[in-house]
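Chemist: Here you go, sequence then predicted model.
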Amino acid sequence: MSSNAQLPQISLHGLQRAAGILQSVWRYYFRLYDLTAEDFFRCFPLLTYFAAFSYQTDEIVEAAQVHADGDDESKDCAKAKAFIEGIFDEYGILTPRIRQELNHAIEYATLETRIVRAETISYSDLKRVLELRSFDFRILHNTFLLLLNRPISEELFGLIHPIEVIVELESDLRHYQQDVKDGKFNCYRMLIKLFGDKAPEYFQMELKSYWDLFEERLSVVSTSELRNRVLAAVAAFKQDFPITAIPDPIIE
């Protein structure tokens with residue numbers, strides 16, 4: 001751990017931002033397994049630390065994207081990855097899946113930086129970002145299952161992945177104007193950069209494609225019990241976050 005001593009301490013702001021994602025983990029993910037509050041607080045220290053550290057690292061990367069031209073953010077991400085791997089290893093849960101998702105985090109940060117800084121961007125790069133972006137949810141999902149010695153279902157992870165992408169897309173709508181002001185990555189903002197006034201149509205198309213993928217996977221789930229648990233979690237999400245209207249494009 002000594003090689004990472006120069007990494008920033010977890011701030012109060014990082015902990016405050018982590019509270020939101022932990023609420024989502026409790027309300028939607030724990031619901032999938034009928035887990036208890038006692039289970040949640042058994043996992044709380046590591047879940048909180050990872051969420052706060054992830055948010056704090058993301059803020060460092062975002063600041064570098066806007067204000068720098070070098071690759072300092074890549075070095076920050078590499079240090080953060082090594083540090084977090086050490087934490088998970090100490091807990092005995094540095095599995096191949098956790099390693100893979102941490103690699104996805106690095107790929108996501110690198111690709112997002114390229115998109116934010118580029119004069120022109122590609123639709124394929126933007127699509128890849130959408131696939132990678134919810135790595136933090138997947139790591140947290142893996143983490144509490146490993147800590148609680150619960151089996152990991154590939155079927156369930158595949159089923160909820162489209163919903164995780166939808167969550168990120170709808171969050172971008174809610175934060176669009178502020179992200180434009182701050183010069184930050186935002187999927188809707190980047191679609192406008194690509195397609196101008198046609199961007200709302202493309203955004204709606206992306207949402208529909210992921211809802212369609214979810215419905216397709218839901219239609220072939222192995223048990224009705226799994227189907228009902230997933231639908232209950234999705235219903236809770238829809239209740240908490242009603243559909244957001246797509247804002248008028250700001251042409252920058």
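Modeler: Yep, it's here. Numbers count the residues shown, from 1 in each chain.
Chemist: Correct me if wrong: residue 146 contacts residue 93.
Modeler: Yes. Residue 146 is within contact range of residue 93, at 4.1 Å (criterion: Cβ atoms under 8 Å). (C-beta placed from N, C-alpha, C; glycine too.)
Chemist: The helix ranked longest in the chain: what's the following helix or strand?
Modeler: In the chain, taking DSSP state H as the definition, the longest helix is helix 37-67. Elements were assigned by DSSP states H and E; along the chain past helix 37-67, the next helix or strand is helix 72-90.
Chemist: Which residues in that following helix does the neighbour count mark as buried?
Modeler: Neighbour-count burial for helix 72-90 flags 73, 76, 77, 80, 81, 83, 84, 87, 88 (criterion: 16 or more other Cβ atoms under 10 Å).
Chemist: tell me what it is packed against?
Modeler: Packing partners of helix 72-90 (3 or more Cβ pairs under 8 Å, 6 or more residues apart in numbering; DSSP states H and E): helix 37-67, helix 96-117.
Chemist: can you pull the buried residues of the shortest one?
Modeler: Of the residues in helix 96-117, those with enough neighbours to count as buried (16+ other Cβ under 10 Å) are 97-98, 101-102, 104-113, 115-116.
Chemist: Show me which residues of the helix or strand just after that helix are buried.
Modeler: Sequence order places helix 123-132 as the next helix or strand after helix 96-117, per DSSP H and E. With burial defined by 16+ other Cβ under 10 Å, the residues of helix 123-132 counted as buried are 126, 128, 129, 130, 132.
Chemist: Okay, angle between helix 123-132 and helix 96-117 too, please.
Modeler: Counting by axes from the mean of the first three to the mean of the last three Cα atoms, to 10 degrees, helix 123-132 points 140 degrees away from the direction of helix 96-117.
Chemist: Point out the other helices and strands that helix 123-132 packs with.
Modeler: Packing contacts for helix 123-132, counted by 3+ Cβ pairs under 8 Å, 6+ apart, involve helix 96-117, helix 154-174, helix 187-195.
Chemist: related to what we said a few turns ago, CSV for the helices and strands packed on helix 72-90, including distance to residue 204?
Modeler: Listed next are the helices and strands packed on helix 72-90 as CSV, based on distance: least, Cβ to Cβ, whole Å:
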stretch, distance to residue 204
helix 37-67, 26
helix 96-117, 21
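Chemist: can you tell me which of the ones you listed comes nearest to residue 234?
Modeler: Closest of those to residue 234 is helix 37-67, at 20.0 Å (criterion: Cβ to Cβ).
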